[in-house]
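Chemist: Need coordinates for the following:
(chains A and B)
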Protein chains: 2
Amino acid sequence: MWSLCPLLLLTTSANAFVVPQQQRPLLTSLEATRTIGIFGGGTVGGGIVEILTKKSAYFKELTGSDLVVKTICVRDATKQRDFAIPEGCTVTDKYDDILTDPDIDMVVEVMGGTTDAKNIVFSSLKSGKDVVTANKALIAMYLPEIEETLANMDKPVQFRYEAAVCGGIPVIRSFQSDFVGDEVSMISGIINGCTNFMLTEMDQFGRTYDEALTEASRLGYAEADPTLDVGGFDARSKLKILMRLGFGVEVPEDKIACRGITDLTKLDFDYAKMMGGTIKLLGVAERVEEGKITAFVSPCYLTKEEPLASVSGATNAIEVSSRNLQSSTYIGQGAGRYPTANSCINDIIALAKGDKSPMPFNPLDKVTEYVDDYSSTFYIRIRYRDGLGITRQVGEACEKVGVSIHSILQNPITRRDDAAFVLITEKVPLQAVKEACKAMEEFDWCNGLPFYMPVISENWVEKMSS
Amino acid sequence: MWSLCPLLLLTTSANAFVVPQQQRPLLTSLEATRTIGIFGGGTVGGGIVEILTKKSAYFKELTGSDLVVKTICVRDATKQRDFAIPEGCTVTDKYDDILTDPDIDMVVEVMGGTTDAKNIVFSSLKSGKDVVTANKALIAMYLPEIEETLANMDKPVQFRYEAAVCGGIPVIRSFQSDFVGDEVSMISGIINGCTNFMLTEMDQFGRTYDEALTEASRLGYAEADPTLDVGGFDARSKLKILMRLGFGVEVPEDKIACRGITDLTKLDFDYAKMMGGTIKLLGVAERVEEGKITAFVSPCYLTKEEPLASVSGATNAIEVSSRNLQSSTYIGQGAGRYPTANSCINDIIALAKGDKSPMPFNPLDKVTEYVDDYSSTFYIRIRYRDGLGITRQVGEACEKVGVSIHSILQNPITRRDDAAFVLITEKVPLQAVKEACKAMEEFDWCNGLPFYMPVISENWVEKMSS
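Modeler: This is a model prediction of the structure:
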């Protein structure tokens, strides 16, 4: 169908011809239209329709096009919607009503899931429809396949997924546009709102883990299965996507070291407070040396000067260290109807304006390998039954594997049979810390595997690199 | 000249024809080239050339084009440069060597100033050359004229100025792309690195104003004339640009209320510390009610929970309140060779990729008017010679103009002839605070016009709206 498209001038062809550049006055008289089909009429879909309706006149002026939502496909077409269906728009439960409609040139996939949504996305792209998605799981699983499909199409289509990672923070576009001349050395983020909310509740308001989770669920911050949040898996999916964008490195999700917040205890928050810092669940990826990148999702102790330390509640934040910009931090809402819909709208407008998705998204770095090791200062919390010789044994166990101890913290002992103390190490390798913890677990006096987490403080990057 | 350009299909014309969409394989065989002329071979110009040289292969893959720096125009062509001149590139001191060169299709203006730079920018645009600039003063003064010129061109050219505001933070692009579906209610920023550095020195390290300024100058943070920084004028220029982008409102720079940091004393930092917060020089613009926008550059007292409170040194930060995203914060380097060059590179790459600058940049809101009034909690510091009746007189003066007092702070009095105390008001109008200060100045005991500044705390936005 007729659409605005970039022209390649065939200078080598005998049929070369000159065409006029885009002339703005003609745009308005052309009455260009983008016809949109939306899969999903829930939280995000509804938000998108609301914004498209409310700002239709402005969007027409901005892009030169009418943006018409022709069809919305939902699971149950009879269900009452909490947003106004645009005039002339059909609500259906049949995928093909969108997929095989030749009028529809843009598909918005906000239904979620990785089976039907996957087929819908690929089918749309292959039939020449531009696609905007908010589907994090789909991107985490299939981005390479999607890019492959896009690269091999006769006629290019556009594909955007800003809303897939940290809903309202335009992090995808940022990695695609703001670091083109730069070199990213580290990405570190609070990228799961549920756990950050819970940690804030536990840290600032003294709530227990269970109380925090109940409240998070009540407020709609937790996934249907909260394990995805509290186990760190949601954060890991997003981190994988960010690693691909920021470093051009593709690492299988299940290969990335992942620990959630379930091992944290009130004790850890007490110690954090004592040290003047806080505990956050971070997704971190960093170039530890040439050709080697490490990444993990883990609770981390942050000193209070760290930009991420002051990010509380369900808010997300991403900090990027890079050669030109040094340090950049983005803080915003990672989820919810309007933040997520806002990002989808950004993509829809970019498509309507004719902006091309970066192609290739990021030339893949096939040389760099993932390593599950890095050096850092660590916090190690050891629970024990009080007795003689603990200090010596701890000292020996650490020394044996090269874990140099910076300091030892001890809260007043209230229960001799279940006390705890904390080691802060010097900068040591993660593997050494794991070995030290395993060794200490063997001691009679030790109450369970010691819990460790990296300490993030100023000069973290210098501390991390070996 | 042959170049990639968007094609408008003339469906209404008898000569309508189909053209193939961009085909990626052909791109590489076309060997498209963007030929660049740079005005300015100093800090930023050198950074741009370095990055273009270092990443030329990557940029070619990313954009499909070679990016060739053909000519660099400087004040003194004989002067030694601190970067490598690319092979084949000419260094000249003649503007016309770039302006009248038909091969050059992109001009990068990083020479600064508002006279020659202005002519260069307009001349380039009118002769069909795309322009990238880092020139904040030029944008603050001439953006409407530039937009007018762009709107009236027969053949469109592209114009980008990411580096003009907060060097390394992509705030221009952010306002142009991330808020299209949103409604901005407030912009608040630390947008002058020199003063933020000085305030950090005074607040965290107890330095005097003069010590802090000396250090700022030594580190290259201060303008040649530091008054532009410490008087708040540099911040005001940037705020004006952000107001246009964020609200679509054009306000003459000299109309925007502006106070710098020169009235702050050690006393204020003592009180800030006592209250657990800090003092920042902020540029703020906010919709106070339908049709009315206020804006100012002023020292502000921030509680420690505020995202901007933890931004120290020469770092910049911008916080945006908007309907969909609620609150978004960007923190990064506002100046320096590589942050600023990075933003220019972002623009250059966007142009080379064929992304179109938003057109119009932001439909202007001609209804909203600027008002120099808003309601807020205020900090008022009053210096006095100790005596009888001060409390009553202060109370009367405030009550008379409707300034309700929330609390009074008093440090131990060390000098009876030159002491100070602080009022924290309830939410009251700025005008009332000004009147109260003027009234109090008249009292015998008062040592100079009392100093006031807005208090920024959570719910600031709710507190601001009348």
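Chemist: Next, the contact list for whichever residue of the stretch 51-200 of chain A sits closest to chain B, please.
Modeler: Using C-beta to the nearest C-beta, A:G181 is the residue of the stretch 51-200 of chain A that sits closest to chain B, at 3.3 Å. All C-beta spots, glycine's among them, are computed from the backbone N, C-alpha and C. Residues near A:G181 by C-beta atoms under 8 Å, 6 or more residues apart in numbering or on different chains: A:N324, B:I51, B:L52, B:K55, B:A341, B:N342, B:I345, B:N346, B:I349.
Chemist: pretty sure A:K118 is touching A:A137, no?
Modeler: No - shown here, A:K118 and A:A137 do not form a contact pair, counting by C-beta atoms under 8 Å, at 9.5 Å.
Chemist: Is the closest residue to A:Y209 other than its chain neighbours within a helix or a strand, and which one?
Modeler: Spatial nearest neighbour of A:Y209, chain neighbours left out: A:M202 (6.6 Å); criterion: C-beta to C-beta, 6 or more residues apart in numbering or on different chains. Element membership of A:M202, judged by DSSP states H and E, is helix A:193-205.
Chemist: how about that helix: buried residues?
Modeler: Buried residues in helix A:193-205, counted by 16 or more other C-beta atoms under 10 Å in any protein chain shown: A:G193, A:C194, A:T195, A:N196, A:F197, A:M198, A:L199, A:T200, A:E201, A:M202, A:D203.
Chemist: Pull up the per-residue confidence for the third one.
Modeler: A:T195 is assigned a predicted lDDT (pLDDT) of 97.
Chemist: For A:D225, see how far away it is.
Modeler: Using C-beta to C-beta, to the nearest Å, A:T195 is found at 14 Å from A:D225.
Chemist: go on, the last one?
Modeler: As for A:D203, its distance to A:D225 is 24 Å (criterion: C-beta to C-beta).
Chemist: follow-up on the earlier one: so which elements touch the helix holding A:M202?
Modeler: helix A:209-218, helix A:227-230, helix A:266-274, strand A:278-289, strand A:315-322 (3 or more C-beta pairs under 8 Å, 6 or more residues apart in numbering or on different chains; DSSP states H and E).
Chemist: what's the angle between that helix and helix A:266-274?
Modeler: If you take axes from the mean of the first three to the mean of the last three C-alpha atoms, to 10 degrees, helix A:193-205 sits at 70 degrees to helix A:266-274.
Chemist: Where does pLDDT dip in the stretch 151-300 of chain A?
Modeler: For the stretch 151-300 of chain A, no stretch has pLDDT under 70.
Chemist: For it, which residues are neighbours of chain B?
Modeler: Contact residues, the stretch 151-300 of chain A versus chain B (C-beta under 8 Å from any C-beta of the partner chain): A:151, A:154-156, A:168-170, A:173-174, A:177-178, A:180-182.
Chemist: ok but A:G167 is inside a helix, no?
Modeler: No - counting by DSSP: H, G, I helix; E, B strand; the rest coil, A:G167 is not found in a helix; it is coil.
Chemist: quick one: it from A:G193, how far?
Modeler: For A:G167, the distance to A:G193 - C-beta to C-beta - is 9 Å.
Chemist: what does A:S174 give?
Modeler: In terms of C-beta to C-beta, A:S174 sits 19 Å off from A:G193.
Chemist: in chain A, which residue is closest to the centre?
Modeler: A:K238 (3.1 Å; C-alpha atoms, centre = their mean).
Chemist: Looking at the contacts of A:G181, which are in helices?
Modeler: Of the contacts of A:G181, the ones assigned to helices by DSSP state H are B:I51, B:L52, B:A341, B:N342, B:I345, B:N346, B:I349.
Chemist: ok, which of those also contact chain A?
Modeler: Within the ones in helices among the contacts of A:G181, those near chain A by C-beta under 8 Å from any C-beta are B:I51, B:L52, B:A341, B:N342, B:I345, B:N346, B:I349.
Chemist: Pipe those residues into CSV and attach pLDDT per row.
Modeler: Shown next, in CSV, are these (pLDDT from 0 to 100):
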residue, pLDDT
B:I51, 97
B:L52, 97
B:A341, 96
B:N342, 97
B:I345, 97
B:N346, 95
B:I349, 93
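Chemist: Out of the residues you listed, who's the most crowded?
Modeler: The most crowded member of these, judged by other C-beta atoms under 10 Å in any protein chain shown, is B:N342 (31 neighbours).
Chemist: quick one: it and A:D182 touch, right?
Modeler: Yes - look at B:N342 against A:D182 with C-beta under 8 Å: they come within range, at 5.6 Å.
Chemist: quick one: common contacting residues for A:G167 and A:G193?
Modeler: In contact with both A:G167 and A:G193: A:N316, A:Q333, A:G334, A:A335, using C-beta under 8 Å, 6+ apart.
Chemist: Which ones among these also lie next to chain B?
Modeler: Answer for those near chain B (C-beta under 8 Å from any C-beta): A:Q333.
Chemist: Of the shared contacts of A:G167 and A:G193, which is the nearest to A:V433?
Modeler: Nearest to A:V433 out of the shared contacts of A:G167 and A:G193 is A:N316 (C-beta to C-beta; 27.8 Å).
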